[in-house]
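In: Sequence below, structure please.
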Amino acid sequence: MPLTPGETVLVKASGWAYAGGGRNIVRVDVTGNNGKSWQTATITEGYNQPIRRAWAWVFWECEVPAIVCEDGVSVELACKGVDMAFNTQPESLGGMWNVRGLEERERERVSRRRRVSLFFVFVA
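Out: Here you go, the predicted model:
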């Protein structure tokens with residue numbers, strides 16, 4: 001079925017997240033309209049890790065409205081995670097720096113035609 005650029009479609013997205021330092025992931029948000037609105041994902045596995053001892057990935061999924069790109073076949077999604085200290089991934093790395101260049105990760109953005117799978121790691 002042909003799609004019209006700018007049209008809104010419902011996309012199923014899934015992925016995994018890890019915060020580091022034992023901090024639990026409490027929320028994952030996904031957008032399909034460049035951050036104008038965010039859909040909270042359901043954490044499907046790993047949500048029951050002990051508090052402050054979350055050493056494993058959490059898996060998440062959601063359905064998110066997304067705007068069809070100019071090519072008429074793909075959409076762009078972005079995701080961000082939030083840990084128990086309410087640390088979140090930055091939109092970009094423009095103002096971030098550390099001497100070794102470690103643990104710098106901006107919000108994950110993907111452009112996909114069919115299957116969407118996102119993942120991110122952040123240590124704040």
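
In: the strands in the protein, which residues?
Out: 8-18, 25-31, 39-40, 42-45, 58-67, 75-83, 108-112, 116-121 (DSSP state E).

In: From the contact counts, what lies against the longest one?
Out: It stands for strand 8-18. On a contact count with 3 or more Cβ pairs under 8 Å, 6 or more residues apart in numbering; DSSP states H and E, strand 8-18 meets strand 25-31, strand 58-67, strand 75-83, strand 116-121. Just so you know, the C-beta spots here come from the backbone N, C-alpha and C atoms, and that holds for glycine as well.

In: Just send those strands back as TSV, with distance to residue 44 and mean neighbour count too.
Out: Formatted as TSV, the helices and strands packed on strand 8-18 follow (distance: least, Cβ to Cβ, whole Å; neighbours: other Cβ atoms under 10 Å):
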stretch	distance to residue 44	mean neighbour count
strand 25-31	11	21
strand 58-67	5	20
strand 75-83	14	22
strand 116-121	13	18
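
In: per-stretch mean pLDDT over the ones you listed, give me the minimum one.
Out: Between the helices and strands packed on strand 8-18, the one with the least mean pLDDT is strand 116-121; it has a mean of 45.

In: where does the chain dip in pLDDT?
Out: 1, 90, 92-124 (pLDDT under 70).
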